[in-house]
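[1] I would like the atomic coordinates for the input below:
(one chain, ligands or ions: 2)
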Amino acid sequence: MFSRYKKDTAPSPATSAPKGGAGTAAARRAAQPAATPSPKPVPAPPVPPRADAPRVMRKPQPAAASPAEVGAADRNRKRKERLSEIKLELHRALLDNLNLAALETAQENDLRMEINAISAEVLQEKGIVLNREERLQLSQELYDEVKGLGPLESLLKDDTISDILVNGPHQIFVERSGKLEMSDVTFKDEKHLFRIIDKIVSAVGRRVDESNPYVDARLKDGSRFNAMVPPIAVDGSLVSIRKFKKDKLGIDDLVQFGAFSEEMAAYLQAAVACRLNVIVSGGTGSGKTTTLNALSSFIDNSERILTIEDTAELQLQQTHVGRMESRPPNVEGKGAVTPRDCLKNALRMRPDRIIVGETRGEEVIDMLQAMNTGHDGSMTTIHANSARDGISRLENMIAMAGIDMPLKAMRAQIASAVHLIVQASRLQDGSRRMTSITEVTGMEGDVISMQEIFRYQRTGLTPENKILGHFTATGVRSHYSERFKMWGYDLPPQIFEPARE
Ligand SMILES: Nc1ncnc2c1ncn2[C@@H]1O[C@H](COP(=O)(O)OP(=O)(O)OP(=O)(O)O)[C@@H](O)[C@H]1O
Ligand SMILES: [Mg+2]
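    Ligands and ions are numbered 1, 2, ... in the order given. Take a look at the predicted model:
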């Protein structure tokens, strides 16, 4: 029943090898006494206890760290401070000695050798002796500073990390397997952090400063980048990076990870292939774009697909794809190309399907119109917490776009445009699941009628705070079953039967 969807790529494991940076290894080693004691000890508190620690009932945690552990942590901290001071000094020396103009074209090997030679000289001058591991770490960090994005570089290279969130120079959180954790990477100070932000945004021709305090950009590797700098960001610059996954999770991966069931996948395959208009709804970081991308794999290869995004994230497998990226205004406030502009233009480009990465503003009008006027099979995502909430979001967006339309007419337009709402959620244990698939069936009086076809049924919580539950059909017959049949998708009735407890 589930054989027709295209196999994407080999599943990328949710967890892979632990981060192998020399930095972490070095940080764990017992340190030698510092050669130059730090004049100003930085108050770097030990990692705070996990918020869920007291709730893990089965394995009581040791009450407090032993004096030996405290001593080791203290030595680690001092060593880190010392290394970061040396690094700063070396970085200054590099800036003085390196030909910055030649850096752009420098070969990696040449640059590394140059960096090593200059740092060896400075270290010798200062009489500082480092062990091999420290030298390697320092050399890599200096290379990252000169050529890359400084402290962010090691996090960007770590494939187990999906999001990087910087709250000022001394606090960098990362998300691994759906859980946020504090990383041991920091910037020296706000100036250092700002320099890296500036490097990123100036590479894409943008500017960020007091008068333009926030900016969106795309990193070279395709990652989505957003920064907001002081004074709007009160405690130092805020940076959010959604890392680009080279191998986007496909339908197989998502089924395997438990994001939805095989029955739901079979239903979604029929829905997309039969050109139902689909909205993926969900909170921030809930997996909307991933779901949209996976759903797009069900589109036939013969169709012409146009995609519109703020930051190009979708990776469609089909051959006939036109990708568009909207553009914010430049520093003079000119040259903006909004998603709505792209959408209007897309309608003149003979699309079979239009996929809008996220509908969040006035483009909703054109999206609904496209869905209503021959471009069925179009898809988009919206920020909402349930299917019903998603409909209200659409109504609000239409109202905010300044369209003066009676509520009933507005709802009628939504009801005839949208066929299916797929709800993506990030649950409290970090897992991402499709918690509901709801069909829009029409209007009943003034109200849009909907019926849920599948849902995620929660049944409890393990002692480790993992959510227990299963996917189930609700037992409701699909409103679109005739359409599925006509298109050759005769879904077996069992997939609509509720799971037995
Ligand atoms: N089912 C899943 N299992 C594991 N990881 C997932 C799953 N779905 C999405 N992810 C990962 O979660 C992160 C966020 O996913 P995605 O970008 O799709 O979310 P989003 O809802 O579009 O976020 P935003 O609101 O920021 O646009 C990505 O790194 C993605 O690879
Ligand atoms: Mg997204």
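
[2] Low-confidence ranges, the stretch 151-300 of the chain, go.
    The stretch 151-300 of the chain contains no residues with pLDDT under 70.

[3] what does the stretch 1-150 of the chain give?
    For the stretch 1-150 of the chain (pLDDT under 70), the answer is 1-65, 95, 99-104.

[4] Helices of that one, start to end?
    22-28, 67-97, 100-103, 108-126, 132-147 (DSSP state H, counting those that start in this stretch).

[5] Ok, which of these comes nearest residue 430?
    helix 22-28 (21.8 Å; CB to CB). In short, each C-beta sits where N, CA and C put it, glycine included.

[6] Identify the spatial nearest neighbour of the closest residue to ligand 2 within the stretch 201-350 of the chain, chain neighbours not counted.
    In the stretch 201-350 of the chain, the residue that lies nearest ligand 2 is residue 289 (3.3 Å; CB to the ion). Leaving aside its chain neighbours, residue 289 sits nearest to residue 313 (5.2 Å; criterion: CB to CB, 6 or more residues apart in numbering).

[7] circling back: what would the helices of the stretch 1-150 of the chain look like in a markdown table with mean neighbour count?
    Putting these into a markdown table (neighbours: other CB atoms under 10 Å) gives the following:
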| stretch | mean neighbour count |
| --- | --- |
| helix 22-28 | 16 |
| helix 67-97 | 16 |
| helix 100-103 | 10 |
| helix 108-126 | 14 |
| helix 132-147 | 18 |
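
[8] Secondary structure class of the residue nearest to residue 289, three-state.
    coil (DSSP: H, G, I helix; E, B strand; the rest coil).

[9] which residue ends up closest to the midpoint of this structure in space?
    residue 242 (3.5 Å; CA atoms, centre = their mean).

[10] Just confirm it contacts residue 162, I think it does.
    Yes. Using CB atoms under 8 Å, residue 242 is in contact with residue 162, at 7.4 Å.

[11] neighbours around the nearest residue to residue 481 once chain neighbours are set aside, how many?
    Taking CB to CB, 6+ apart, and ignoring the residues beside it in sequence, residue 481 has residue 491 as its nearest neighbour in space, at 7.1 Å. When counting by other CB atoms under 10 Å, one arrives at 19 neighbours for residue 491.

[12] re the thing from before, please produce JSON lines containing the helices of the stretch 1-150 of the chain, extended by distance to ligand 2.
    Formatted as JSON lines, these follow (distance: least, CB to the ion, whole Å):
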{"stretch": "helix 22-28", "distance to ligand 2": "30"}
{"stretch": "helix 67-97", "distance to ligand 2": "35"}
{"stretch": "helix 100-103", "distance to ligand 2": "34"}
{"stretch": "helix 108-126", "distance to ligand 2": "33"}
{"stretch": "helix 132-147", "distance to ligand 2": "28"}
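
[13] For the stretch 351-500 of the chain, which residues are neighbours of ligand 1?
    Taking CB under 6 Å from any ligand atom, the part of the stretch 351-500 of the chain that reaches ligand 1 is made up of residue 432.

[14] For ligand 1, give me its nearest residue in the stretch 351-500 of the chain.
    With CB to the nearest ligand atom as the measure, residue 432 is the residue of the stretch 351-500 of the chain nearest to ligand 1, at 3.8 Å.

[15] wait, what's in contact with that residue?
    178, 257, 259, 286-287, 290, 424-426 (CB atoms under 8 Å, 6 or more residues apart in numbering).
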